[in-house]
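> sequence plus the predicted model coming up.
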Amino acid sequence: MEQMRKLPIGIQTFEEIRKDNYLYVDKTAMIYQIANTGKPYFLSRPRRFGKSLLLSTFEAYFQGRKDLFEGLAIEKLETRWEQYPVLHLDLNAEKYDTKEALEQMLSRSLSLWEERWGSDVAEISLSARFSGIIRRAYERTGKQAVVLIDEYDKPLLQAILDESLLDEYRRILKAFYGVLKSSDRYLRFVFQTGTPTYLVD
């Protein structure tokens, strides 16, 4: 008798689920369809609906990790398994109680990407750095970049009762996310997740 497989309770990393043989409901045919029929996507769902796991699955797919998809539907659909530069930004874990906290968090992520894709001293603002990273990732690999943003609105939700701070966050994030529109030529795929405000705890 086959041993009962473990349930992936609280696990949000596709690689861990697959390598440790957790039970996984195969949604990879839909993931393949989404990844190959459009470029920008936004998914709004309440917490604990699997948004982070979905982004982790997209990350593995666009990194060309065929080994993690063995036996799943996408294995028969994908024939090329190309590797793209992936920029994965998770805004879920931080506490955003000041403008500086948000700027520092974004800057840390940008610094990590700059270690891999290079930087330019002329790029001073957060948005300019983000734009430069996307462009250089494309130029250095010949592949358009993939941008995955988890809980894009988390800072806004945490400041929803502080109008002045909320305005600051809107200003910062509008410029930062605006890069995704102006960098369209360098982007293969963009996926953002968020939480409906009326369901925030």
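Arrived safely.

> so where's this structure shaky on pLDDT?
Low-confidence segments of the chain (pLDDT under 70): 1-3, 7-10, 45-49, 196-201.

> could you rerun that using 80?
Applying pLDDT under 80 to the chain flags the ranges 1-12, 44-50, 93, 195-201.

> give me the most central residue, it.
In the chain, the residue lying closest to the centroid (C-alpha atoms, centre = their mean) is residue 148, at 2.1 Å.

> doesn't it fall inside a strand?
Yes. Counting by DSSP: H, G, I helix; E, B strand; the rest coil, residue 148 is part of a strand.

> pretty sure it is touching residue 89, no?
Yes. Here residue 148 reaches residue 89: they are 7.1 Å apart, a contact under C-beta atoms under 8 Å. Backbone N, C-alpha and C define where each C-beta goes, glycine included.

> tell me who's in contact with the residue nearest to the centre of the chain.
For residue 148, the contact set (C-beta atoms under 8 Å, 6 or more residues apart in numbering) comprises 55, 58-59, 86-89, 190-192.

> out of those, which sit inside helices?
55, 58-59 (DSSP state H).

> longest strand in the protein, please.
Determined from DSSP state E, the single longest strand within the chain is strand 187-194.

> looking at the contacts of residue 148, which is nearest residue 143?
residue 86 (10.1 Å; C-beta to C-beta).

> if I look at the closest one, how far off is residue 23?
26 Å (C-beta to C-beta, to the nearest Å).

> repeat for residue 36
From residue 36 over to residue 23 the distance is 27 Å, taken as C-beta to C-beta.

> what of residue 152?
From residue 152 to residue 23 the distance is 29 Å (C-beta to C-beta).

> who's more crowded, the two?
Of the pair residue 152 and residue 23, residue 152 is the one with more neighbours under other C-beta atoms under 10 Å, namely 19 against 10.

> quick check: closest non-adjacent residue to the more buried one.
Leaving aside its chain neighbours, residue 152 sits nearest to residue 192 (4.6 Å; criterion: C-beta to C-beta, 6 or more residues apart in numbering).

> again, but for residue 158
residue 96 (4.9 Å).

> cool, residue 69 as well?
residue 75 (5.2 Å).

> what count of nearby residues applies to that neighbour?
15.

> can I see the domain layout of the protein?
As recorded under the TED database, the domains making up the chain are 1-83, 85-187.

> what's around residue 79, how many residues?
Residue 79 - counted by other C-beta under 10 Å - has 6 other residues nearby.

> can you pull out the strands in this protein?
Under DSSP E, the chain gives strands at 40-44, 86-90, 145-150, 187-194.

> now find how far off-centre the second one is within its chain.
I take that to be strand 86-90. 4 Å (C-alpha atoms, centre = their mean, to the nearest Å).

> so what secondary structure elements neighbour it?
Strand 86-90 is packed against helix 51-62, helix 99-117, helix 126-141, strand 145-150, with contacts defined by 3 or more C-beta pairs under 8 Å, 6 or more residues apart in numbering; DSSP states H and E.

> reformat these as a markdown table; add distance to residue 183.
Output for those, formatted as a markdown table (distance: least, C-beta to C-beta, whole Å):
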| stretch | distance to residue 183 |
| --- | --- |
| helix 51-62 | 16 |
| helix 99-117 | 13 |
| helix 126-141 | 5 |
| strand 145-150 | 8 |
